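Student: Model the following, please.
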Amino acid sequence: MSEKIEQLRTISGRVVSNKMDKTVAVLVERVVKHPVYGKYIRRSTKLLAHDEENKCQEGDLVTISSCRPMSRRKSFRLVEIIDSANR
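Tutor: Predicted coordinates:
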């Protein structure tokens, strides 16, 4: 029997909102090359992640990982807090 091992998508970003219960909004930035002009442009995506213990604060640098969908927009969970904003 062969077991299927899933690759989980792990992303790091900055917490921009923690006003929800057990949920944080994480801003993930990436740099893409413009298709015509070749200039590098900064693009961003806001993802919702599950924070079970409500320990994230705004400004924290965090790592999130994909998981099963927990709600309509929330399909990531908090893995660790890399850098705290309060330090």
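Student: so who does Arg77 touch?
Tutor: Listed by CB atoms under 8 Å, 6 or more residues apart in numbering, the contact set of Arg77 reads Ala49, His50, Glu52, Ile64, Ser65, Cys67, Met70. Bear in mind the C-beta positions are built from the backbone N, C-alpha and C, glycine included.
Student: and the last one, what pLDDT?
Tutor: Looking back up the chat, that one is Met70. We have a pLDDT of 96 for Met70.
Student: Pairing-wise in the sheet, spell out the partners of the nearest residue to it once chain neighbours are set aside.
Tutor: Of all residues not flanking Met70 in the chain, His50 sits nearest, at 5.6 Å (CB to CB, 6 or more residues apart in numbering). Beta-bridge partners for His50, by DSSP bridges, are Thr23, Arg77.
Student: what about His50, distance to Val31?
Tutor: 27 Å (CB to CB, to the nearest Å).
Student: hang on, the earlier thing: from the contacts of Arg77, keep the buried residues only.
Tutor: Buried by 16 or more other CB atoms under 10 Å: Ala49, His50, Ile64, out of the contacts of Arg77.
Student: surely the last one meets Gly13?
Tutor: Yes: the pair Ile64 and Gly13 qualifies as a contact (CB atoms under 8 Å) at a distance of 7.0 Å.
Student: what residues do the two have in common as contacts?
Tutor: Common neighbours of Ile64 and Gly13 (CB under 8 Å, 6+ apart) are Val26, Leu47.
Student: sorry, back to before: restricted to strands, list the contacts of Arg77.
Tutor: Ala49, His50, Ile64, Ser65 (DSSP state E).
Student: Just the pLDDT at the third one, thanks.
Tutor: On the pLDDT scale, Ile64 is placed at 97.
Student: Tell me what it is bridged to.
Tutor: Under the criterion used (DSSP bridges), Ile64 bridges to Ile11, Leu78.
Student: for the host helix or strand of Arg30, packing partners?
Tutor: Per DSSP states H and E: Arg30 is located in strand 23-33. Counting contacts by 3 or more CB pairs under 8 Å, 6 or more residues apart in numbering; DSSP states H and E, strand 23-33 is packed against strand 10-20, strand 40-50, strand 61-66, strand 74-83.
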